[in-house]
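Chemist: next input, structure requested:
(one chain, ligands or ions: 2)
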Amino acid sequence: MNPDELRAAFAGRLHTEPSEMAPFLTDWRRKWTGQALAVAQPDSAADVAAVVRWCLAAGVAIVPQGGNTGLSGGATPAAHGRAIVLSTARLNRVRAIDPVGQTITVEAGVTLQQVQEAAQGVDRLFPLSLAAQGSCTIGGNLATNAGGVQVLRFGNARELCLGLEVVTAEGELWDGLRALRKDNTGYDLRDLFIGSEGTLGVITAAVLKLFPRPAAQVAAFVAVASPDDALQLLSRAQARLGASLTAFELLSETCLQLVERHVSAARRPLAQASPWYVLMEASAADDDAALGAQVEAVLEAAFEAGLAIDAAVSTSLAQFRSLWALREDISESQGAEGPTIKHDIALPIARIPDFIATTLAEVERQWPALRPVVFGHLGDGNLHFNFSPPAAGMPAHEFTALERPVNQRVHDAVHAAAGSISAEHGLGLLRRDEAARYKSPVELRLMRAVKAALDPMNLMNPGKLLAPVPIHDTETSS
Ligand code: FAD
Ligand code: ZN
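Modeler: Ligands and ions are numbered 1, 2, ... in the order given. Below you'll find the predicted structure:
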């Protein structure tokens, strides 16, 4: 490939120097590093189409990349270096915002936080919320069908998207930017591209749903004895608070200890330690006092029923934020503790307490040194079922050698409980082959048929999500 030819094919930036390309070649966890011929940063959807057409003619594969915060290796090019990275960093315009129709139209490279702020600017809410929001992009959120902490009330990225603009794998521009709440006119192409992790086309813009901005928000940090009690509390909170219940998160005492250790501003909200905690959020259009009273009523009933041990309820925005920070900072605190063995799993909610008890006991029996770090979005049936090395430490190679057997043990248990081995982070490279172990031949065949139909030259993020047949040139060095 001659980079000058590609440079001439579109407007925007093209990086070819190793030092310029380096940030695009390693993922956020520094688990994967690859090589690329170039990093293209087109300025518009038409430019994206020009880049794709050039790559098609030259037989060069394309790895779409947004904020590069993905946790599954989907945005990192392979080690062979024969692909380009297509970064959406310069597709960064808010095209339109309609507070009456409650929609916003943004380009793919706009960060999640910028969308939240634009919505706030017209007194509306864009509810997708996750710890990487300052860096992750709407294109990446849709390509991975991101979840986060408000899914319980508002749904994941898929449910927040009304329309898409996509450059297909053949370099055509599909304008599906419909702002319609109802549209039953055939196969849902939008939903095909959402969650496709850059393997079917490049998302260049999206129409997203906005919501009224809540006037009141209350967070409660509740000590509970067990995940079973947390689940019963969830059920009562749902019955009592209805749509006002906007988040319901579970975390273990170990998680809280990690945050205390690694985040200097973190303060334990309750005097007594407890094996488990719930962080519950309620929001409403009404005033804080009424909402606070409703939350207090739920908690009082829970105390009486012996489901809650102690609770702290926020009475100011500062308290609300500091309670949330205890949950949001777990992931980074676990990272600061050393390497991690991660699982991002979904289960039928009612089976979660039994799953946690049985699987932790099994892992402990076989690998007693591992430290469980279990937290997640209990209200969505989604757990981050992670492990850290023991507090006393463990040689890195010994810990790394456990990753695969522990993954298999946990994922087998997830599969047996009718769950999913990737709830919100996608398959990328990390879970690609593992997912193929559990999917039925029919499901895999249909997925391959979709890939072959939309990307006949296999140029869009090849080797991610689905292994190519036969397997070759797909692994990045790690
Ligand atoms: P990237 O990492 O750049 O790309 C991710 C995938 O999408 C790749 O396969 C890439 O090829 C593809 N892609 C990117 N842009 C496009 C596009 N325009 N068109 C087509 N394909 C594209 N995720 C959650 O779901 N919930 C969480 O709570 C959560 N918390 C996180 C917390 C932290 C601290 C971090 C680092 C990550 C977290 N994530 C979470 C994961 C990550 O932030 C999300 O997956 C996010 O949606 C990725 O967006 P991105 O722009 O960084 O995408
Ligand atoms: Zn999560």
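Chemist: and P372, what does it touch?
Modeler: Neighbour list for P372: S252, T254, L360, V363, E364, F385, N386, F387 [criterion: Cβ atoms under 8 Å, 6 or more residues apart in numbering]. C-beta coordinates here come from the backbone N, C-alpha and C atoms, glycine included.
Chemist: which residues of the stretch 251-400 of the chain fall in helices?
Modeler: 253-262, 288-304, 317-328, 330-336, 352-366, 396-416 (DSSP state H, counting those that start in this stretch).
Chemist: could you say what helices and strands the helix or strand containing I97 packs with?
Modeler: Counting by DSSP states H and E, the element that carries I97 is strand 94-98. Here strand 94-98 touches strand 103-107, helix 112-121, going by 3 or more Cβ pairs under 8 Å, 6 or more residues apart in numbering; DSSP states H and E.
Chemist: need the three-state assignment for the most centrally placed residue in the chain.
Modeler: Centroid-nearest residue in the chain: A146, 3.8 Å away (criterion: Cα atoms, centre = their mean). Here A146 is coil, with the state taken from DSSP: H, G, I helix; E, B strand; the rest coil.
Chemist: and the stretch 1-150 of the chain, which residues reach ligand 1?
Modeler: By Cβ under 6 Å from any ligand atom, the residues of the stretch 1-150 of the chain that approach ligand 1 are 28, 63-71, 74-75, 88, 108, 130-132, 136-137, 139-141, 143-144, 146-148.
Chemist: show me the residues you listed that map onto strands.
Modeler: By the criterion of DSSP state E, membership of these in strands covers V63, P64, Q65.
Chemist: name the member of the residues you listed with the most neighbours.
Modeler: Q65 (29 neighbours; other Cβ atoms under 10 Å).
Chemist: wait, doesn't that residue sit right on F24?
Modeler: Yes - counting by Cβ atoms under 8 Å, Q65 does reach F24; the two are 6.1 Å apart.
Chemist: between these two, which contacts overlap?
Modeler: Common neighbours of Q65 and F24, using Cβ under 8 Å, 6+ apart, are V85, S87.
Chemist: coming back round to it: and the helices and strands packed on strand 94-98, which is most packed in?
Modeler: By mean neighbour count, with neighbours taken as mean count of other Cβ atoms under 10 Å, strand 103-107 ranks first of the helices and strands packed on strand 94-98 at a mean of 23.
Chemist: just checking, what packs against that one?
Modeler: strand 94-98, helix 112-121, strand 201-209.
Chemist: looking at the contacts of P372, which one is closest to ligand 1?
Modeler: When the contacts of P372 are ranked by distance to ligand 1 (Cβ to the nearest ligand atom), N386 comes first, at 12.5 Å.
Chemist: which ones are touching the closest residue to ligand 1 within the stretch 201-350 of the chain?
Modeler: Distances between the stretch 201-350 of the chain and ligand 1 by Cβ to the nearest ligand atom are smallest at I203, namely 3.7 Å. By Cβ under 8 Å, 6+ apart, I203 lies in contact with P64, A108, G139, L142, A143, L164, E165, V166, F193.
Chemist: what would the ones in strands among the residues of the stretch 1-150 of the chain next to ligand 1 look like in CSV with pLDDT?
Modeler: As requested, those are exported to CSV (pLDDT from 0 to 100):
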residue, pLDDT
V63, 98
P64, 98
Q65, 98
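Chemist: which one of those sits closest to E170?
Modeler: P64 (15.1 Å; Cβ to Cβ).
Chemist: what residues does stretch 436-454 touch?
Modeler: Residues contacting stretch 436-454 (Cβ under 8 Å, 6+ apart): 168-169, 192, 199-201, 411, 415, 421, 458, 466-467, 469.
Chemist: quickly find the element holding T185.
Modeler: If you go by DSSP H and E, T185 is not part of any helix or strand.
Chemist: sorry, back to before: out of the contacts of I203, which end up buried?
Modeler: Burial of those was assessed by neighbour count (16 or more other Cβ atoms under 10 Å); the buried members are P64, A108, G139, L142, A143, L164, E165, V166, F193.
Chemist: nearest to R404, of these?
Modeler: The closest of the buried ones among the contacts of I203 to R404 turns out to be A143 (Cβ to Cβ; 26.5 Å).
Chemist: contacts only, for the closest one.
Modeler: Contacts were defined as Cβ under 8 Å, 6+ apart; by that measure A143 touches P64, G66, G74, F193, I194, G195, S196, E197, G198, I203, G426.
Chemist: pretty sure the third one contacts L429?
Modeler: Yes - counting by Cβ under 8 Å, G74 does reach L429; the two are 7.0 Å apart.
Chemist: what parts of the stretch 251-400 of the chain come near ligand 1?
Modeler: Close to ligand 1, as judged by Cβ under 6 Å from any ligand atom, the stretch 251-400 of the chain has residues S331, E332.
Chemist: who wins for most neighbours among the contacts of A143?
Modeler: Neighbour counts for the contacts of A143 peak at I203, which has 31 neighbours (criterion: other Cβ under 10 Å).
Chemist: so how far is A75 from that one?
Modeler: Applying Cβ to Cβ, to the nearest Å, the value for I203 to A75 is 13 Å.
Chemist: list the buried residues for stretch 379-394?
Modeler: Residues of stretch 379-394 classed as buried by neighbour count (16+ other Cβ under 10 Å): G379, D380, G381, N382, L383, H384, F385, N386, F387, S388, P389, M394.
Chemist: looking at these, which are in strands?
Modeler: Using DSSP E, these in strands are N382, L383, H384, F385, N386, F387, S388.
Chemist: CSV for these, including pLDDT?
Modeler: Below are these laid out as CSV (pLDDT from 0 to 100):
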residue, pLDDT
N382, 97
L383, 97
H384, 97
F385, 98
N386, 98
F387, 98
S388, 97
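Chemist: before we move on, the earlier item: out of the helices and strands packed on strand 103-107, which is closest to G12?
Modeler: Closest to G12 of those, according to Cβ to Cβ: strand 201-209, at 12.4 Å.
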